[in-house]
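>>> Structure here, sequence nowhere to be found:
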């Protein structure tokens, strides 16, 4: 989880950099930000896709993946949630594997409703 968060820390910078593209030449730091941001988005997309594929295989709903929500938006929400967990001193969440933490976040942010 901590390695993934290290990569995902660049996503906010990546979004800011996106607005600056074409207005100035790229720096070595920009390339580093793009590289780490891309790795983060790829890793989280694969985790979300694994959860989407595996969730229906369980008798009891493990998690209800929200439909129509982009992975980037899920990641942004999760990062904000993790920041809140950090402020509250909930260190246990950072000791979990990334998929476990993702499932906890999705359960809280997008609870299953009857019929799902």
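Now that the structure is in, tell me what you want to look at. Model, not experiment: these values are computed from the prediction.
>>> Show me the shaky parts of this protein.
Scanning the chain for pLDDT under 70 picks out 1-3, 6-7, 55-61, 114-116.
>>> Let me see the ranges of the helices in it.
For the chain, applying DSSP state H gives helices covering 2-20, 28-54, 71-87, 98-109.
>>> residues near residue 85, how many?
Neighbour count of residue 85, defined by other C-beta atoms under 10 Å: 17. Quick note: C-beta positions are derived from backbone N, CA and C, even for glycine.
>>> Can you tell me the closest non-neighbouring residue to it?
Residue nearest to residue 85 in three dimensions, not counting chain neighbours: residue 93, with 4.9 Å by C-beta to C-beta, 6 or more residues apart in numbering.
>>> picking that back up, hey, which of the helices of the chain is tucked in deepest?
Highest mean neighbour count of the helices of the chain: helix 98-109, a mean of 17 (counted as mean count of other C-beta atoms under 10 Å).
>>> tell me the angle of it relative to helix 28-54?
70 degrees (axes from the mean of the first three to the mean of the last three C-alpha atoms, to 10 degrees).
>>> before we move on, the earlier item: export the helices of the chain to CSV and tack on distance to residue 65?
Shown next, in CSV, are those (distance: least, C-beta to C-beta, whole Å):
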stretch, distance to residue 65
helix 2-20, 19
helix 28-54, 5
helix 71-87, 9
helix 98-109, 7
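>>> Tell me how far residue 77 lies from residue 95.
Counting by C-beta to C-beta, to the nearest Å, the gap from residue 77 to residue 95 is 21 Å.
>>> If we ignore the residues flanking it in sequence, what's nearest the residue most central in space within the chain?
With distances taken as C-alpha atoms, centre = their mean, residue 75 lies nearest the centre of the chain, 2.8 Å away. Using C-beta to C-beta, 6+ apart and skipping residues adjacent in sequence, the residue nearest residue 75 is residue 44, 4.8 Å away.
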